[in-house]
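Engineer: Take this sequence and fold it.
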Amino acid sequence: MEWYCLMVRNGCEAQFKERAEEMLAAHGIKARLYFFQRTFCRRAGEYVDAPVFPGYLFLQVERLSGELVTTIKDVEDYLCLLPADDHPKAIQGGALEDLKLFLGHGEYFGISRVAFLPGRRMRAVSGPMVGLEDSVYKVNKKKHRITVATSLSPEGKNFDLLYEEAEPLEGWV
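Structural biologist: Just a heads-up that it's a prediction; the model follows:
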C-alpha cells in the first residue's frame with residue numbers, strides 16, 4: 001500500500017472526501033481517503049468537531065496511477081497532491097508510522113483520559129493519546145489540552161487534543 005497527502009480547500013474536507021470516493025468508485029479505482037477530526041472546546045465552553053490537519057486528507061492506494069491523479073484533480077475543492085502534482089511523494093518513515101498509529105484510533109479523535117505520574121510524566125489510559133505519549137510537546141492543564149508533535153503534520157505543525165484527568169492505575173511508576 002502507498003499513502004499520499006492531498007491538500008484541499010480548508011473547511012471542505014468532509015465534502016471533498018465524499019465526492020472523491022464517489023468519483024473514484026465510478027471509475028473503478030480502489031482507493032480510500034482519510035480525514036481526521038477531533039473534539040475541540042471553544043472559549044465559550046462549547047465542544048465542536050474540528051479537523052486535526054485542516055485542509056489535508058490522506059490517500060491510501062495500492063499504487064498511484066495517472067488515472068487516479070486525473071480523476072481526483074477533477075473533484076471540486078482539490079488543490080494539490082503533495083508535495084506537488086507533478087511530483088507526488090509517498091508518505092514514508094516516521095510519518096507513515098505516525099499515520100498508522102492515528103488510523104488505529106479511527107478518523108475521529110475524542111477526548112483522551114490521561115494520568116499524570118511523578119516526575120512530570122503522563123500516561124494515556126484511553127483515547128487517541130494512547131501510543132502518543134512520547135510525542136507530547138506541551139500540556140496545558142488549565143485548558144485540558146495536550147499539544148502533540150508529529151512528523152506527519154505538513155510543515156511541522158503541532159495539534160492539540162483534549163484530555164480528562166484519570167487516576168494512575170496500580171503498578172504504574
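
Engineer: for the longest helix anywhere in the chain, packing partners?
Structural biologist: Longest helix in the chain by number of residues (criterion: DSSP state H): helix 13-26. If contacts are counted by 3 or more Cβ pairs under 8 Å, 6 or more residues apart in numbering; DSSP states H and E, helix 13-26 sits against strand 31-34, strand 56-61, helix 66-73. In this view, the C-beta of every residue, glycine as well, is placed from N, C-alpha and C.

Engineer: Not counting that helix itself, show me its contacts.
Structural biologist: With contacts defined as Cβ atoms under 8 Å, 6 or more residues apart in numbering, helix 13-26 is touched by 8-9, 30-33, 35, 51, 54-57, 68, 71-72, 74-78.

Engineer: Distance-wise, check residue 83 relative to residue 99.
Structural biologist: According to Cβ to Cβ, to the nearest Å, residue 83 and residue 99 sit 16 Å apart.

Engineer: Neighbour count for these two, which is higher?
Structural biologist: Using other Cβ atoms under 10 Å as the criterion, residue 83 and residue 99 rank with residue 99 on top: 20 against 12.

Engineer: Report the contact partners of the more buried one.
Structural biologist: 3, 58, 91, 152.

Engineer: Repeat that for residue 128.
Structural biologist: 38, 102, 105, 109-110, 112, 161.

Engineer: ok, and it, which helix or strand is that part of?
Structural biologist: Residue 128 is part of no helix or strand when elements are defined by DSSP states H and E.

Engineer: Phi first, then psi, for it.
Structural biologist: With angles defined as degrees, to the nearest 10, residue 128 sits at phi -70, psi -10.

Engineer: Nearest spatial neighbour of it, chain-adjacent residues omitted?
Structural biologist: Of all residues not flanking residue 128 in the chain, residue 109 sits nearest, at 3.9 Å (Cβ to Cβ, 6 or more residues apart in numbering).

Engineer: Also residue 31?
Structural biologist: In space, residue 31 is closest to residue 61, 4.4 Å off (Cβ to Cβ, 6+ apart).

Engineer: Can you give the distance of stretch 28-42 from its chain's centre?
Structural biologist: On the basis of Cα atoms, centre = their mean, to the nearest Å, stretch 28-42 sits 7 Å off its chain's mean C-alpha point.
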